[in-house]
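>>> What follows is a protein structure lacking sequence information:
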């Protein structure tokens, strides 16, 4: 399969995940269950984000395999504006996937809503510009 087609196909799935994630983040006073939904939606969206980045980098002849390598390369190529935030996203995603603690979940939710959402939005804009040929 053409590598350009592959990242664009995965991007279509990322759009759907991001739309759901955005709906949750934009709830003004979320309940605990809504916060849990945003955290889970973040996990899906983050997973698709780094995989779409991987596919995009491969379409540019950059070979990367693991999430950390993908993030480092995307930062190096100035696709991501803040590599340390993306590394933190990876760590938090891994933490939340394997443990659950209400206090930790509240802290993660706040970080997702204040910081991670904006970073993923920037990535979505990058992909949209590439998809439409503007970038």
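Ah, there it is. This structure is a prediction, so every number in the text was calculated from the model and none was measured.

>>> what sits against the most centrally placed residue in the chain?
Centrality entry for the chain: nearest residue to the mean C-alpha point is residue 46, 3.1 Å, by C-alpha atoms, centre = their mean. Taking C-beta atoms under 8 Å, 6 or more residues apart in numbering as the contact definition, residue 46 lies against 89-90, 93, 116, 120. Quick note: C-beta positions are derived from backbone N, CA and C, even for glycine.

>>> Which pLDDT value goes with it?
Note on residue 46: pLDDT of 97.

>>> which element is it on?
With elements delineated by DSSP states H and E, residue 46 resides in helix 32-59, which encompasses its position.

>>> got the angle for the very next helix or strand once past that helix vs helix 32-59?
For helix 32-59, the following helix or strand on the C-terminal side (DSSP H and E) is helix 67-76. Using axes from the mean of the first three to the mean of the last three C-alpha atoms, to 10 degrees, the interaxial angle of helix 67-76 with respect to helix 32-59 works out to 70 degrees.

>>> Can you tell me what sits against the helix or strand following helix 67-76?
The element immediately downstream of helix 67-76 (helix or strand, assigned by DSSP H and E) is helix 83-98. Here helix 83-98 makes contact (C-beta under 8 Å, 6+ apart) with 39, 42-43, 46-47, 50, 67-68, 71-72, 74-75, 80, 104-105, 108, 111-112, 115-116, 119.

>>> Distance from helix 83-98 to the middle of the chain?
10 Å (C-alpha atoms, centre = their mean, to the nearest Å).
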